[in-house]
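Undergrad: Quick one: sequence plus predicted model below, questions after.
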Amino acid sequence: MSDHFAGTAPAALSGPGAAAAPAPRGAEPAADTAARRPPRMPWRQTLRVYREPASLRMLTLGFSAGLPLLLVLGTLSFWLREAGIDRTTIGYLSWVGLAYAFKWVWSPLVDRMPLPLLTRWLGRRRSWLLLAQAMVMAGLVGMAFNDPQQALTPVVWCALAVAFGSATQDIALDAFRIESADADRQAALAATYQTGYRLAMIWAGAGVLWLAARAEMAGGALYQPGAWKLAYLAMAASMLVGVATVLLSREPAPRALAPARNAAEWLRGALVDPFADFIARYRWQAVLILALIAVYRISDVVMGIMANPFYVDMGYTKDEVAAVTKVFGVVMTLLGAFIGGVLSMRLGVLRVLMLGAVLSAASNLLFAWLGTRGHDLGGLVFVVSADNLAGGIASAAFIAYLSSLTNVQYSATQYALFSSMMLLAPKWIAGFSGRFVDAHGYTEFFTGTALLGLPVLILVALVSRMKTRSSA
């Protein structure tokens, strides 16, 4: 690992290039080895991290990042269906979300290109954050002032603007988070970021429906576009939380970028160098790390596609599913993220990464058990609680692990690549989930998704062993 990256990765996660030659067995006394181990952070100091300004900033910025997602996917689908748009069209429009999967394409621009006037005033990270937030707000306002029942195309273009702005905000925010604190606080920042993100998803999911319902005129038509207009304008105004945070925050310490002599040199520094840097630091072990990134969340993603059809087929009502999965389940995810952040700082990220993988796969077996119970509301509460708690723990550790892999010189580009990679393979496999359920049933399907987690356990163990050897 290069010297300029060593300061951003925790000791448990530094790359193989930083390892010195191992000493002969028995050459170093055990007392000396123990003395060189970093002291474990006391519990009080561990919890105090969550009250630091950097953690609080991630709470509000996480809210700003989580707000747009449902507004161009789940909530928008509800609005379109109520407006009479056919399900086939609604399915095609879900491709708007592909902007999040391919954000790595323009992440080098966000990482390195200054914005006229804004960068000089705010700095590289905050200028891109503010621009992305303005794009999201403009897109939401445009959606609010267009009725999909009368003209669907303008709504689609505005939704694309929201998705593109949201994905750009994610790129800049990931870099801002990684550069805002040292490595041993990244797990706490990831946990508070997830907390804000999940709170925003409640507001952009249940909150929008509540606002639209309150704005409907009694005795009016079933579909009232004015109610949706008010709800989406309220969502656009909610983005001001992130805008205010950016304006009141301090730009991370700027890093020097070597001036490019021509366009080819600039493109090499923006597009080629970030990926070459990762391969150079990890060599053949990069394949193992990238394989782990690509499949770590595979159990959750594949299972999640069939979760809602499962609830319907088991006879759960909309109110039951909304209360248990959209509100109570999100609360359990927040708790899991907090626990994952604390455990990562206490035990090390790789250990919690293994714990999250085990719990995520095991929770899918609980869904297989629930499928044998019929309509069992108590069982649903128990299974959703366990599943979301496991997901929160796994996500907090996984985000911290991805953060540790990035080089601060290319943090936006590399993190965008990692976070995009983790969804491509699971999303592709998840496309076959409905066919599998039709052929074999829900119990076999959930059991199969749990078995998909076995390769993840092997990969985490191999990466941990690789890390242990390189640290010797």
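TA: Yes, it's here.

Undergrad: confidence score at Val243?
TA: As predicted, Val243 sits at a pLDDT of 94.

Undergrad: Ala188 now?
TA: 73.

Undergrad: Mind checking what helix or strand follows the one helix or strand it maps to in sequence?
TA: According to DSSP states H and E, Ala188 maps onto helix 186-202. Sequence-wise, the next helix or strand downstream of helix 186-202 (DSSP H and E) is helix 208-215.

Undergrad: follow-up on the earlier one: show me what the helix holding Ala188 packs onto, helices and strands only.
TA: Applying 3 or more Cβ pairs under 8 Å, 6 or more residues apart in numbering; DSSP states H and E, we find helix 186-202 packed against helix 53-71, helix 152-180, helix 329-347, helix 377-405. Quick note: C-beta positions are derived from backbone N, CA and C, even for glycine.

Undergrad: orientation of that helix relative to helix 377-405 in degrees?
TA: 130 degrees (axes from the mean of the first three to the mean of the last three Cα atoms, to 10 degrees).

Undergrad: Alpha carbons only: can I get helix 186-202 in PDB?
TA: What follows is helix 186-202 as a C-alpha-only set of coordinates in PDB (Å, rounded to 0.1, in the frame of the first residue of the first chain):
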ATOM      1  CA  GLN A 186     -15.600   5.200   9.400                       C
ATOM      2  CA  ALA A 187     -17.900   2.600  10.900                       C
ATOM      3  CA  ALA A 188     -19.600   5.200  13.100                       C
ATOM      4  CA  LEU A 189     -20.000   7.500  10.200                       C
ATOM      5  CA  ALA A 190     -21.400   4.700   8.100                       C
ATOM      6  CA  ALA A 191     -23.900   3.900  10.900                       C
ATOM      7  CA  THR A 192     -25.100   7.500  11.300                       C
ATOM      8  CA  TYR A 193     -25.300   7.800   7.500                       C
ATOM      9  CA  GLN A 194     -27.500   4.700   7.300                       C
ATOM     10  CA  THR A 195     -29.700   6.100  10.100                       C
ATOM     11  CA  GLY A 196     -30.400   9.300   8.200                       C
ATOM     12  CA  TYR A 197     -30.800   7.300   5.000                       C
ATOM     13  CA  ARG A 198     -33.500   5.000   6.600                       C
ATOM     14  CA  LEU A 199     -35.300   7.900   8.200                       C
ATOM     15  CA  ALA A 200     -35.500   9.600   4.800                       C
ATOM     16  CA  MET A 201     -36.900   6.400   3.300                       C
ATOM     17  CA  ILE A 202     -39.700   6.300   5.900                       C
END
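
Undergrad: Report the inter-axis angle for it versus helix 329-347.
TA: Using the same axes, to 10 degrees: helix 186-202 against helix 329-347 is 180 degrees.

Undergrad: ok, Asn146 to Tyr232 distance?
TA: Asn146 is 10 Å from Tyr232, where distance means Cβ to Cβ, to the nearest Å.

Undergrad: More neighbours: which of these two?
TA: Tyr232 (27 against 21; other Cβ atoms under 10 Å).

Undergrad: Determine the number of other residues adjacent to Glu179.
TA: Quick note: Glu179 (other Cβ under 10 Å) scores 19 neighbours.

Undergrad: tell me the secondary structure for the closest residue to it other than its chain neighbours?
TA: Nearest residue to Glu179, sequence neighbours excluded (Cβ to Cβ, 6 or more residues apart in numbering): Pro252, at 3.8 Å. With DSSP: H, G, I helix; E, B strand; the rest coil as the basis, Pro252 sits in coil.

Undergrad: Worst mean pLDDT among the helices and strands packed on helix 186-202?
TA: Among the helices and strands packed on helix 186-202, helix 329-347 carries the lowest mean pLDDT, at a mean of 82.

Undergrad: any chance of the helices and strands packed on helix 186-202 in CSV, plus distance to Leu370?
TA: As requested, the helices and strands packed on helix 186-202 are arranged in CSV below (distance: least, Cβ to Cβ, whole Å):
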stretch, distance to Leu370
helix 53-71, 25
helix 152-180, 33
helix 329-347, 14
helix 377-405, 5
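
Undergrad: Please name whichever of those is nearest to Trp210.
TA: Counting by Cβ to Cβ, Trp210 lies closest to helix 53-71 out of those; the figure is 13.5 Å.

Undergrad: packing partners for the closest one?
TA: Taking 3+ Cβ pairs under 8 Å, 6+ apart as the contact cut, helix 53-71 packs with helix 124-144, helix 152-180, helix 186-202, helix 225-238, helix 240-248.

Undergrad: List the buried residues for it?
TA: Of the residues in helix 53-71, those buried by neighbour count under the rule 16 or more other Cβ atoms under 10 Å are 54-55, 57-71.

Undergrad: Flag every buried residue along the helix or strand following it.
TA: Helices and strands here follow DSSP H and E; after helix 53-71, the next one along the chain is helix 74-82. In terms of neighbour count (16+ other Cβ under 10 Å), helix 74-82 has its buried residues at Gly74, Thr75, Leu76, Ser77, Phe78, Trp79, Leu80, Glu82.

Undergrad: repeat for stretch 156-163
TA: So, applying 16+ other Cβ under 10 Å, buried residues of stretch 156-163: Val156, Cys158, Ala159, Leu160, Ala161, Val162, Ala163.

Undergrad: Return the distance of Gly84 relative to Ala221.
TA: Gly84 is 11 Å from Ala221, by Cβ to Cβ.

Undergrad: Please look at Met235 and Leu71 and confirm they touch.
TA: Yes: counting by Cβ atoms under 8 Å, Met235 touches Leu71, with 5.8 Å between them.

Undergrad: shared neighbours, these two?
TA: Leu140, Ala204, Val208 (Cβ atoms under 8 Å, 6 or more residues apart in numbering).

Undergrad: Save those as CSV, and put in pLDDT and neighbour count too.
TA: As requested, the shared contacts of Met235 and Leu71 are exported to CSV (pLDDT from 0 to 100; neighbours: other Cβ atoms under 10 Å):
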residue, pLDDT, neighbour count
Leu140, 96, 27
Ala204, 84, 24
Val208, 81, 22
